[in-house]
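Colleague: Below are the sequence and a predicted model for it; my questions follow.
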Amino acid sequence: MTSPVFLLRLAKRDLKFSVAHFTLFSPTEAEPLHGHNYQVRVDLEGGRLDPSGLLVDAGPMKKRVRELCRQLDDRVLLPEKSPWIEVAQSGEEVEVRFRERRYRFPASEVALLPLENISMELLARYFWRALAAHLGDVPVVALAVEIEETDGQSCRYRAELAAG
């Protein structure tokens, strides 16, 4: 028999960001540059509440999700750790090369992420790590982040937290 669990879901309409990207499939294959309007959902789980009867104060958590969304919104997302592309910043420009393709973007419109690729899966884990580091001392034992790319297509990353 499992213990009861509280699940707090944050799925506000404004937890979203719009970006351009291309997903890499192999050293020789990648999508064309295109855009998505991503929606973010966060689940926090725990078996007990704090002294005020809350699993977590949702306000600061929503604020942090909005900050993360704002950092990516209206940007071209590029993976810093991909072995398959070359990214170089020169002055106010970022140039990215994938095989014979070459793009140049204003540096102010690019978000370089410490990822191997720009995929729903890695974006969900990126958000998870940023939010887990922000939790502090709360009775949350598991955190999940879902990134919805299009209606009916999403990825959810869930992991237990070391403390809770």
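Modeller: Cool, got the structure. Please read these numbers as outputs of a predicted model, since none were measured by experiment.
Colleague: For Glu95, name its beta-bridge partners.
Modeller: With DSSP bridges as the criterion, Glu95 is bridged to Ala88, Arg104.
Colleague: For the lowest-mean-pLDDT helix or strand in the chain, name the packing helices and strands.
Modeller: Here the helix or strand of the chain ranked lowest by mean pLDDT, DSSP states H and E is strand 86-90, holding a mean of 94. For strand 86-90, the elements it packs on are strand 93-98, judged by 3 or more Cβ pairs under 8 Å, 6 or more residues apart in numbering; DSSP states H and E. C-beta here means a position set from N, CA and C on the backbone, and glycine is covered the same way.
Colleague: for the strand it packs on, what is the average pLDDT?
Modeller: For strand 93-98, mean pLDDT rounds to 97.
Colleague: Going by neighbour count, list what's buried in the host helix or strand of Lys63.
Modeller: For Lys63, the element it lies in under DSSP states H and E is helix 58-72. For helix 58-72, a neighbour-count test (16 or more other Cβ atoms under 10 Å) marks Met61, Arg64, Val65, Arg66, Leu68, Cys69, Leu72 as buried.
Colleague: Quick one: mean pLDDT over the helix or strand just after it.
Modeller: As assigned by DSSP H and E, the chain's next helix or strand after helix 58-72 is strand 75-79. Strand 75-79 shows a mean pLDDT of 98.
Colleague: So which residues make contact with strand 75-79?
Modeller: With Cβ atoms under 8 Å, 6 or more residues apart in numbering as the test, strand 75-79 has contacts from 19-21, 24, 33, 85, 87, 94, 96, 103, 105, 109-113, 115-118, 122.
Colleague: ok now that strand, how far from the chain's centre?
Modeller: Between the centre of strand 75-79 and the centre of its chain there are 12 Å (Cα atoms, centre = their mean, to the nearest Å).
Colleague: just stretch 97-105 next, same as before
Modeller: Its chain's C-alpha centre and that of stretch 97-105 lie 24 Å apart, by Cα atoms, centre = their mean.
Colleague: what about the helices in this structure?
Modeller: Assigned by DSSP state H, the chain shows helices spanning 58-72, 120-132.
Colleague: could you dump those helices to TSV with mean pLDDT and distance to Ala11?
Modeller: TSV is the format used below for those (pLDDT from 0 to 100; distance: least, Cβ to Cβ, whole Å):
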stretch	mean pLDDT	distance to Ala11
helix 58-72	96	10
helix 120-132	97	13
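Colleague: Perfect, I'm done here.
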